[in-house]
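Student: only geometry, no sequence info:
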């Protein structure tokens, strides 16, 4: 199975790709690591443990915006407290859990877990303005793959563009600055730290 088949098409804006891999001693150990890391990916409330003190803070919520303490499911939301200036419409940035895939190919001895997030309006808002510094055409995908004894965890940003289709002029400026900063690589350290922490915690 190839990573590209799980990712949205890159059409406009910036794309980002980071990955990390490890090779386990045997297949059974690799299968167990795959299971553990896939559960960590879905345990979004715990991401802070792997990204360091200066990273954003992630909180999983249900479709009404109420905080929940369980693994993520399609349709959930993630409330993000990003360091720096906040939005006036909602002091948090929000993404929607757009999809989760968990696939196995017994013949090739491969497994893939994919978690895709997309910017969205805050679930308790009027739904008009996307509450994120990227617009809702952008996406963030985490792909965990096991190929025999090899485990690969990767991050893929697609169609990343500042969210300027928002009502408040202050928020347009904030999103422009935050979006440019992310495109220039400020957020890269966070995603590198997350995939490293999620995977290396098993080493």
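Tutor: Right, received. Where do you want to start? All figures in this text were calculated on a predicted structure; none of them were measured in a lab. Residues are numbered from 1 along each chain as shown.
Student: return the distance of the residue lying closest to residue 81 once chain neighbours are set aside relative to residue 161.
Tutor: Once flanking residues are discounted, residue 81 sits nearest to residue 57: 4.2 Å by C-beta to C-beta, 6 or more residues apart in numbering. From N, CA and C alone the C-beta is placed, and that goes for glycine too. Per C-beta to C-beta, to the nearest Å, residue 57 is found 24 Å from residue 161.
Student: tell me the helix or strand right after the worst-scoring helix or strand of the chain on mean pLDDT.
Tutor: Using mean pLDDT, DSSP states H and E, helix 169-183 stands out as the lowest-scoring helix or strand of the chain, at a mean of 71. Next in sequence after helix 169-183, counting helices and strands by DSSP states H and E, comes helix 188-200.
Student: name the element the spatially most central residue of the chain belongs to?
Tutor: Residue closest to the average C-alpha location in the chain (C-alpha atoms, centre = their mean): residue 140, at 4.7 Å. Residue 140 belongs to strand 139-147 when assigned by DSSP H and E.
Student: show me where this structure has strands.
Tutor: Ranges of strands in the chain, per DSSP state E, are 14-23, 57-61, 77-81, 93-105, 110-119, 139-147, 150-160.
Student: in contact with the residue nearest to the centre of the chain, which residues?
Tutor: Contact analysis of residue 140 by C-beta atoms under 8 Å, 6 or more residues apart in numbering lists 95, 116-118, 155-157.
Student: how about CSV for those residues, with neighbour count added?
Tutor: CSV is the format used below for the contacts of residue 140 (neighbours: other C-beta atoms under 10 Å):
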residue, neighbour count
95, 25
116, 22
117, 24
118, 23
155, 19
156, 23
157, 23
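Student: in TSV: the residues you listed, plus distance to residue 177 and pLDDT.
Tutor: Shown next, in TSV, are the contacts of residue 140 (distance: C-beta to C-beta, whole Å; pLDDT from 0 to 100):
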residue	distance to residue 177	pLDDT
95	19	96
116	26	97
117	22	97
118	21	97
155	22	95
156	24	96
157	18	94
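Student: residue 148 against residue 29, yeah?
Tutor: No: Residue 148 lies out of contact with residue 29 (C-beta atoms under 8 Å); the separation is 11.3 Å.
Student: what stretches of the protein score poorly on pLDDT?
Tutor: Applying pLDDT under 70 to the chain flags the ranges 1-3, 53-54, 84-90, 127, 167, 175, 180-186, 201-203.
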